[in-house]
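sequence and predicted structure are below.
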Amino acid sequence: MRKNYWIVLALVLVLPAMLFTVSCAKKEVMAEPEVAPAEQPMEEMAQPDAEAQAAEKARLEAERLKAEEAERAMAAAQQAFTSEDVYFDFDSSALLPMAQETLSRKADYMLHNPGQKVTIGGHCDERGTAAYNLALGERRADAAKAFLVNLGVNPDDITTISYGEEQPVDPGHNEEAWAKNRRDHFEVQ
């Protein structure tokens, strides 16, 4: 019986040990070969890049042209703003209807270009004393500024100065020359 006991014990211990150490041979798992994408000729691969580069170049060119056009329009608007003076009657700082129309256009320009600083120079003809003409030029510039501010222009964007009779646009000594010299002139800073 002891002999059977040892045989049973040996089978119980040895058999599981054999099962763990001796097993089936490992199967080598074969990975399925990856299917490489069909090779495209270099021309076809370069074509999307070339198309993207061409599209980007065209977009940049369109932006450049648009910026240049905006710059030209801004320069033309600024030229129109500075080239058009406001004229006054003799010995007056009252704004005439034509002057009010001109100032309305100038207000539109200034409202579309906020923050742009403008100087209004008040001018007079040669008649009257220098001191009187300086005071009259100041009243004319202030009248234009007040009109622009009433139309919504920021008063901080406008400065005024009086030149009196010192900077005539026409040096003549007749009514035609004097009418040209009674003006407010606008300069963009």
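Structure's in. What do you need?

name the residue closest to the centre of this protein, please.
The residue lying closest to the centre of the chain (CA atoms, centre = their mean) is Ala67, at 9.1 Å.

point out where this structure drops to low pLDDT.
For the chain, the stretches flagged by pLDDT under 70 are 1-3, 6, 9-11, 14-47.

just the helices in it please.
2-21, 42-83, 97-112, 130-150, 175-181 (DSSP state H).

so can I have CSV of those showing distance to Cys124?
(C-beta placed from N, C-alpha, C; glycine too.) What follows is the helices of the chain, written out as CSV (distance: least, CB to CB, whole Å):
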stretch, distance to Cys124
helix 2-21, 117
helix 42-83, 20
helix 97-112, 15
helix 130-150, 4
helix 175-181, 7
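
comparing the ones you listed, which comes out most buried?
Each of those was scored by mean neighbour count; the highest is helix 130-150, a mean of 19, by mean count of other CB atoms under 10 Å.

isn't Glu176 right next to Asp125, touching?
No. With contact defined as CB atoms under 8 Å, Glu176 does not count as touching Asp125 (10.7 Å).

which stretch among the helices of the chain comes nearest Gly121?
The minimum distance between Gly121 and those falls on helix 130-150, with 6.5 Å, by CB to CB.

how far off centre is that closest one?
How far helix 130-150 lies from its chain's middle: 34 Å, per CA atoms, centre = their mean, to the nearest Å.

try stretch 176-186
37 Å.
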